[in-house]
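Undergrad: Here you go, sequence then predicted model.
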Amino acid sequence: MRTMLADAPRTALTMAYWGFVLYLFLPLTLMMAMSFKNAAFIAFPIGDWTFDWYLKVMQDKPFLEACAYSVLVAGLTTLAATVIGVWIAMLIATTEGRWGAVLFALACLPAVVPGMISAISLRIFISTIDMPTGTSAIVLGHTVHAVPFVVVMALTRLRSMPANLVDAARDLGADSVVAFFRVTLPYLGPAIGGGMIFCILLSIDDFVRTFFLGGYRPTLPMLIFAKVQGGMSPEINAMATLVLLVTGAVGLYAEYYTRRSRSR
Amino acid sequence: MTKLVLNRRNTLQLLGGSAGALALPYIIRPLPSWAQSNVLNVTTYDKFLPQEFLDKFQKDSGIKVNVRLTDDQGKQYNLLAAEGANPSTDMVTVAGHRYSQFISSNLLQALDTGKIPNWKNLNPAYQNAPWAQVDGKLWGLPILAGYEGLAVNTNYVKDPQSWDVMFDPQFKGLTSYIVSDFMTITMQYLGFDGDFVSYTDKPEEALKATNAARDHLIKHKDMVRKYYDAGSEVQQMFINEDIYLGHAWSGPAAKLIADGHPIKLSVPKEGTYGFCYTLNVVNNAPNAENAYKLLDAILATPEVGASMQRQSGFASTISGVPEALTDIERAAGTLPQEQVERIVFFSPVNRDMKNEMIDKATAEVKAA
Amino acid sequence: MASNSTLARGGAMPAVTAPAYSTRLSALFNSGLYQSTLGALVSNKTTRMVLLAAVPIVWIVMMHIGPIYQMLKISLLSNYPIQHGRAPTFTFANYAIFFSEPLYFMPLIRSFVYATSATAVTLLVVYPVAYYVAKIVQPDRRSKALLLLLVPFWAGELIRTFSIIMLLANRGALNVFLRDIGMIDRPIPLLYTPFSLGFGLVYLISLYMLLPLYSAIDKIPKHLLDAAADLGAGPFTRFRRIVLPLSRDGIVSGCSLVFLTSIGVFATPMLLGGPTTVLFPETISGFFHGASDKWPVGAAFAMIMLVSALTTAAIFMRIVGGKSTRLM
């Protein structure tokens, strides 16, 4: 039925996708290749190859601890930010007119504040409410930063939600909470998924807030940032490559696992 | 699509589960209190305190050392200033010329050398250096010294004798510097007092000198490939040959030389400035006694200093360190005597005027 | 489960299938405990609204406004952190500095120009990609296709920035390659230019465009497109009349996220910029990193940036944005 002409956009889109994949991966491939360089600094050409950096990194206790700690902080941040973000988005979406806009602007505030300023003001703020520095303060700081991203994602989908869906559920006798969990939340699914990914990424990329709000147990970015100050060594590339491989593998496994459990 | 939702949910379950498992030891462990008796909290740069040294110190003294890594002076200052009277750190690593900022905000306590039996092992040149004294007191233990040098790629630039080469049109777009640091050097190069020591109470003269340097840098802005901030940036620019020459701290440059890159570091005839990192005890530090024990342990043997120098590229201030280094390590950090004499340490005098004018001029150069 | 899947195929709600937690939820909602507590609370309209509003408002006031209020206070002081012998006084001078010196004006303008162009470029680059994943890839391969785009972002901002340096430097991969095939004999300076800054910005933030767009395009019912095609609408018409209007929400939020992040938060792209690309966040951080104590000026500048960036985003959303519906 479709003609050659109809296939042209399809081909173009396929090329756009693979072009974009190439754009994302080309620099990263270089970065990974550098992790095998036998020298104190990364540079072309690689010349002398070695696997030693990996052996070193995999036995590096501070690195492994930092990874574990980052995962913990990111997990808690994602949990907190998703709940709060979706909640705020629900409120904004049901608020008409000007107040909705004001709420939205306030909800987005933390996304625009430069890291250093946000970190300093949070540090002053937690001492005024007598909260000690440490894991809970870090999670709080990361959550503040991540909430706007969840709000924007959730709101996008909420705004386009067919109004009759909830009405129908309510007509059928479901109360608001039931309607929310049964209709709105599933409809929000992909948006929440995206928001969660933002939360995790923002949390594992943050070093300024982490430095100010905790700091004796370094997270991965703090460790890497401090190491970079001493020179860009292939060791850092080996760390990043390992992180990529592990997250890639976890992602693939999760994908496989879901598909299997669905087909069952 | 639903697949994707579930997929993420499961990924998260997985992540959460493994996070929980991995974090268990942390959660069970009691939360650290800043004032615990056998703890010491140190904020310092990566590789300034060697791990073997810390391990040995913790074993010998029974004090648990927590290290928080920082990457710049401003961050430490901002942290201490934000924490006010209840600091979460006992020690910080301050460069001598930033003292006045920390001291005027009441963030450091003066050093009591009487509590450091090994003080005598500090290189005598640093024991009572004028740059280290503010209000007639010493404020920290000098550990690593460095200077603002001229680094060149020897494949392209032949043995420069003067800062002139930074403004030589044949290297257009091939130089780099930290604007604020190079501003003081340019002032000195143009015949002014780049460290403002002689400008106390003479703000007009100081402003004239600063503006002259600023205008010179703006006029030669086309020489610059990039204004950088961190040592790692200038290292990478040299390695990638994005620049052939530039202003660099001795530490990062020495590490390039030690790794075999064709880099030469020198002090041009107009002279330059030196600086020194010191370990400082924070005002109201909960564990000040433990901090003094650490300071004393650092001075105990030259091996500690040698290891610090090897890792950071800066020169150790502890007596007997050169003997503990290998030839190439020593060569990487060594200057001919005539060049050493051209280095003047940044003074603690008249900092407010200097910082204010240099920061302003820096912004103007960047914006030009 | 079955009825819901039918609905999904019908297309009104493509993304909805009964979630896995459904049965457990039903049990909970039917329990007496629920009926007598939360259930009773939400049956009243006022308590329902209070319940909905309480947590968000407390959070926003405490965590969003609280810290910013601290900064606002500092921005109105003559000096801070407090030093001995110098009591701070109340002043507007820190704001006046911005308006009196063109020196600080330029970086802000430049920031807006870069953020706007980065947003536009990201939208153009990422839209086809998002469309491809959401509508062309077979449903069972979709999560793999998306995963492939996500993985690179796990390397972290700093590492990704350094990998761009390895690509674009004078002795980076691109220049080495061009020299080896004989196209150039002297390296082209690509790094530390407006080009590398833009390249890096798009590289670092494209995900903030991709996910909102994907989520918006994904919910466009496929049967609408098929129907339009059967009625003879060409690909361009279908795009202009159906896809574009229906993905408007995604465009709005993707653009806002990219614009707001690229204007304010990202410090790392600065590593890729050159002497002519100094941006406003760099100016602000100069007041915090410099040796002179200028927190109040930095805070004042941050407030200026905050207000102007949010206003721009709000105007943009006003022009392109949507309306509200009933959700509970």
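TA: Cool, the structure landed. What you are looking at is a predicted structure, and each value in this text was computed from that prediction instead of being measured. Numbering: from 1, shown residues only, chains lettered A, B, ... in the order given.

Undergrad: burial count for the residue of the stretch 51-200 of chain B found nearest chain A?
TA: As assessed by Cβ to the nearest Cβ, chain A sits closest to B:Leu69 within the stretch 51-200 of chain B, at 3.5 Å. Yep, even glycine has a C-beta here, placed from its N, CA and C like the rest. Look at B:Leu69: counted by other Cβ atoms under 10 Å in any protein chain shown, it has 24 neighbours.

Undergrad: Check which helix or strand it maps to.
TA: Per DSSP states H and E, B:Leu69 falls inside strand B:64-70.

Undergrad: got the CA positions of that strand in CSV?
TA: Extracted in CSV, the C-alpha atoms of strand B:64-70 (Å, rounded to 0.1, in the frame of the first residue of the first chain):
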residue,chain,number,x,y,z
LYS,B,64,39.8,7.6,62.9
VAL,B,65,40.6,10.1,60.2
ASN,B,66,37.7,11.1,57.9
VAL,B,67,38.9,12.9,54.7
ARG,B,68,36.7,15.2,52.7
LEU,B,69,38.2,15.9,49.3
THR,B,70,38.0,19.4,48.0
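
Undergrad: strands paired with it, and their directions?
TA: strand B:39-45 (parallel) (DSSP bridges).

Undergrad: Return the set of residues that bridge with the residue of the stretch 51-200 of chain B closest to chain A.
TA: Under the criterion used (DSSP bridges), B:Leu69 bridges to B:Thr44.

Undergrad: what's the distance between B:Gln236 and C:Tyr192?
TA: 11 Å (Cβ to Cβ, to the nearest Å).

Undergrad: so what sits against both of these two?
TA: Any residue near both B:Gln236 and C:Tyr192 by Cβ atoms under 8 Å, 6 or more residues apart in numbering or on different chains counts here, and that gives B:Asp242.

Undergrad: Which residue of the two possesses the greater neighbour count?
TA: Shown here are B:Gln236 and C:Tyr192; by other Cβ under 10 Å, C:Tyr192 has more neighbours (30 against 27).

Undergrad: what residues are up against the more buried one?
TA: B:225-226, B:242, C:272-275.

Undergrad: what about the closest residue to it other than its chain neighbours, which SS state?
TA: Nearest in space to C:Tyr192, with sequence neighbours left out and distances taken as Cβ to Cβ, 6 or more residues apart in numbering or on different chains, is C:Gly274 at 3.8 Å. Secondary structure state of C:Gly274, per DSSP: H, G, I helix; E, B strand; the rest coil, is coil.

Undergrad: circling back to that earlier point, in the strand holding B:Leu69, which residues are buried?
TA: In terms of neighbour count (16 or more other Cβ atoms under 10 Å in any protein chain shown), strand B:64-70 has its buried residues at B:65-70.

Undergrad: what does stretch C:87-99 give?
TA: Those would be C:94-95, C:97-98, for stretch C:87-99 by 16+ other Cβ under 10 Å.

Undergrad: Among these, which are located in helices?
TA: Those of the buried residues of stretch C:87-99 mapping onto helices are C:94-95, C:97-98, per DSSP state H.

Undergrad: pretty sure A:Val112 contacts C:Ala309?
TA: Yes: using Cβ atoms under 8 Å, A:Val112 is in contact with C:Ala309, at 5.1 Å.

Undergrad: who touches both of these two?
TA: Common neighbours of A:Val112 and C:Ala309 (Cβ under 8 Å, 6+ apart) are C:260, C:263-264.

Undergrad: Find the residue closest to C:Leu213 in space, skipping its chain neighbours.
TA: C:Ala130 (3.8 Å).

Undergrad: Check which helices and strands the helix or strand that that neighbour is a member of sits against.
TA: Assigned by DSSP H and E, C:Ala130 falls within helix C:102-131. In terms of contacts (3 or more Cβ pairs under 8 Å, 6 or more residues apart in numbering or on different chains; DSSP states H and E), helix C:102-131 is packed against helix A:4-34, helix B:351-367, helix C:93-100, helix C:194-218, helix C:248-264, helix C:280-289, helix C:295-320.

Undergrad: Okay, and A:Met161 sits in which element?
TA: Counting by DSSP H and E, A:Met161 is found in no helix or strand.

Undergrad: pLDDT value on it, please?
TA: pLDDT for A:Met161: 75.

Undergrad: Does B:Val344 belong to a helix, a strand or coil?
TA: Relying on three-state DSSP, one would call B:Val344 strand.

Undergrad: show me what contacts the residue nearest to C:Tyr192?
TA: Per Cβ under 8 Å, 6+ apart, neighbours of C:Gly274: B:225-226, C:192-194, C:196-197.

Undergrad: ok, 10 Å please
TA: C:Gly274 makes contact with B:173, B:224-227, C:189, C:191-197 under the criterion Cβ atoms under 10 Å, 6 or more residues apart in numbering or on different chains.

Undergrad: how about the residues you listed in TSV, adding pLDDT?
TA: Below are those laid out as TSV (pLDDT from 0 to 100):
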residue	pLDDT
B:Gly173	91
B:Val224	94
B:Arg225	93
B:Lys226	92
B:Tyr227	92
C:Pro189	88
C:Leu191	88
C:Tyr192	91
C:Thr193	89
C:Pro194	87
C:Phe195	90
C:Ser196	90
C:Leu197	88
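
Undergrad: List phi and psi for B:Gly246.
TA: When read as degrees, to the nearest 10, the backbone of B:Gly246 gives phi -180, psi 170.
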